[in-house]
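Participant: Need coordinates for the below:
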Amino acid sequence: MTKRTSASGPTYRVPFRRRREGKTDYRKRLRFLFSRKPRVVVRRSNKYVKMQLVLTDMAIDKTFVSVISSELNRYGYKGGKSNLPAAYLTGLLFGEKAKKAGFDEGILDIGLLTPVHGSNVYAALKGVIDSGMEVPHDSVVFPSDERIRGEHIAAFLNDTTITDNFEMVKENIKAGKAVDREETNET
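Facilitator: Here you go, the predicted structure:
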């Protein structure tokens, strides 16, 4: 007689589809919902960093503010869109837009990403904190200021204009000043 290794029988309960696909951690989601605070959702891909401010209403999520790192072009950013400085600037831009929309607090939601100290996710969180939003955090997880400014990239490429561009874009975001496309192409 062979022993069955697959789940079968009348008492077997099939997990939810999104859990089976590895997309949702329902225990973590339930804790977010009970907090009744807006979620600062951070997602990253190989090309971009995406951030959203999401509120849950009954059974649906509503997005009120959304920012993607490709929007940094409007402020004169010339670097990569998925690196650490871009993540920080995306968080800063997100925080400014969220404050204008009337939100001043939130709770970080990184989904199924592994929480690694000093990663792009925490650089984006530092940008949100520096914009003035209140998000519960521990400052130990933030990357160093040198890495946020992109000094490690500038040293690798022997290009000092990277840190200058970062500071210029940071000031443009805080001032809410978008740069003309012609100015961006000339420099």
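
Participant: CA only for contacts and neighbour counts going forward, please
Facilitator: OK.

Participant: what are the ranges of the strands in this protein?
Facilitator: Listed in chain order, the strands of the chain (DSSP state E) span 39-44, 49-57, 60-68, 107-109.

Participant: nearest to residue 83, of the ones you listed?
Facilitator: Nearest to residue 83, of all the strands of the chain, is strand 49-57, at 8.5 Å by CA to CA.

Participant: Quick one: residues in contact with that closest one.
Facilitator: 33, 37-44, 61-69, 81-82, 86-87, 90-91, 94, 98 (CA atoms under 8 Å, 6 or more residues apart in numbering).

Participant: Partner strands of that strand and their direction?
Facilitator: strand 39-44 (antiparallel), strand 60-68 (antiparallel) (DSSP bridges).

Participant: buried sites along that strand?
Facilitator: For strand 49-57, the neighbour count (16 or more other CA atoms under 10 Å) marks 49-55 as buried.

Participant: What of stretch 42-50?
Facilitator: 42-44, 48-50.

Participant: What average pLDDT does stretch 171-184 get?
Facilitator: If you average the pLDDT over stretch 171-184, you get 79.

Participant: again with stretch 77-89
Facilitator: Regarding stretch 77-89, the rounded mean pLDDT is 96.

Participant: ok, now stretch 104-120?
Facilitator: 93.

Participant: Kindly report the same for stretch 24-31.
Facilitator: So the average pLDDT for stretch 24-31 ends up being 82.

Participant: Give me the nearest residue to the spatially most central residue of the chain, chain neighbours excluded.
Facilitator: Residue closest to the average C-alpha location in the chain (CA atoms, centre = their mean): residue 42, at 3.0 Å. Among residues not flanking residue 42 along the chain, residue 51 sits closest, at 4.7 Å (CA to CA, 6 or more residues apart in numbering).

Participant: what's the longest helix along the chain packed up against?
Facilitator: Longest helix of the chain, by residue count under DSSP state H: helix 84-100. In terms of contacts (3 or more CA pairs under 8 Å, 6 or more residues apart in numbering; DSSP states H and E), helix 84-100 is packed against strand 49-57, strand 60-68, helix 120-131, helix 145-149, helix 161-175.

Participant: and residue 155, which of these is closest to it?
Facilitator: Among the helices and strands packed on helix 84-100, helix 161-175 sits nearest to residue 155 (CA to CA), with 9.6 Å.
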